[in-house]
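> predicted model and sequence follow; I will ask about them next.
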Amino acid sequence: MPWLILLVAGLFEVCWAIGLKYTEGFSRFWPSVGTVAAMVASVGLLGLAMRTLPVGTAYAVWTGIGAVGTVLFGIILFGEPATVARLACVGLIVAGIVGLKLTA
């Protein structure tokens with residue numbers, strides 16, 4: 001169960017990272033409210049997952065999920081470049097997340 005909680009926390013991290021783009025520097029009310037709510041949910045769930053998972057592993061996996069998801073949604077939503085090198089680096093992050101999960 002803590003791994004599922006951590007996964008959901010990571011997905012909320014993607015939501016708030018992408019949401020930051022839509023807030024336009026927190027000048028748009030509803031996108032700002034949604035982004036702050038996603039931030040609170042993400043950190044709150046991370047805290048719950050850390051009750052049983054090692055702090056270093058949980059934090060690294062959480063940020064990894066956020067980084068990978070944000071890069072992928074940046075490509076999809078904002079037309080950011082999807083170069084081979086960039087996608088290979090995302091693959092390295094995924095490999096690190098899997099490695100941490102397998103060794104925890």
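Perfect, I can see it now.
> close enough to count as contact, V90 and V68?
Yes: in this structure, V90 is within contact of V68 by Cβ atoms under 8 Å, at 5.5 Å. All C-beta spots, glycine's among them, are computed from the backbone N, C-alpha and C.
> which ones are touching A41?
A9, F12 (Cβ atoms under 8 Å, 6 or more residues apart in numbering).
> what's the helix or strand for it?
helix 29-49 (DSSP states H and E).
> over to R86?
helix 84-103.
> could I have the CA atoms of that helix written out in PDB?
Output of helix 84-103 as PDB, limited to C-alpha atoms (Å, rounded to 0.1, in the frame of the first residue of the first chain):
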ATOM      1  CA  VAL A  84      16.400  10.900 -28.600                       C
ATOM      2  CA  ALA A  85      18.900  12.200 -26.000                       C
ATOM      3  CA  ARG A  86      16.100  13.700 -23.900                       C
ATOM      4  CA  LEU A  87      14.000  10.500 -24.000                       C
ATOM      5  CA  ALA A  88      17.100   8.400 -23.200                       C
ATOM      6  CA  CYS A  89      17.600  10.500 -20.100                       C
ATOM      7  CA  VAL A  90      14.000  10.000 -19.100                       C
ATOM      8  CA  GLY A  91      14.600   6.300 -19.500                       C
ATOM      9  CA  LEU A  92      17.600   6.500 -17.100                       C
ATOM     10  CA  ILE A  93      15.300   8.200 -14.500                       C
ATOM     11  CA  VAL A  94      12.800   5.300 -15.000                       C
ATOM     12  CA  ALA A  95      15.600   2.800 -14.600                       C
ATOM     13  CA  GLY A  96      16.600   4.500 -11.300                       C
ATOM     14  CA  ILE A  97      13.000   4.400 -10.000                       C
ATOM     15  CA  VAL A  98      12.700   0.700 -10.800                       C
ATOM     16  CA  GLY A  99      16.100   0.000  -9.200                       C
ATOM     17  CA  LEU A 100      15.100   1.800  -6.000                       C
ATOM     18  CA  LYS A 101      11.800  -0.100  -5.900                       C
ATOM     19  CA  LEU A 102      13.500  -3.400  -6.400                       C
ATOM     20  CA  THR A 103      16.100  -2.700  -3.700                       C
END
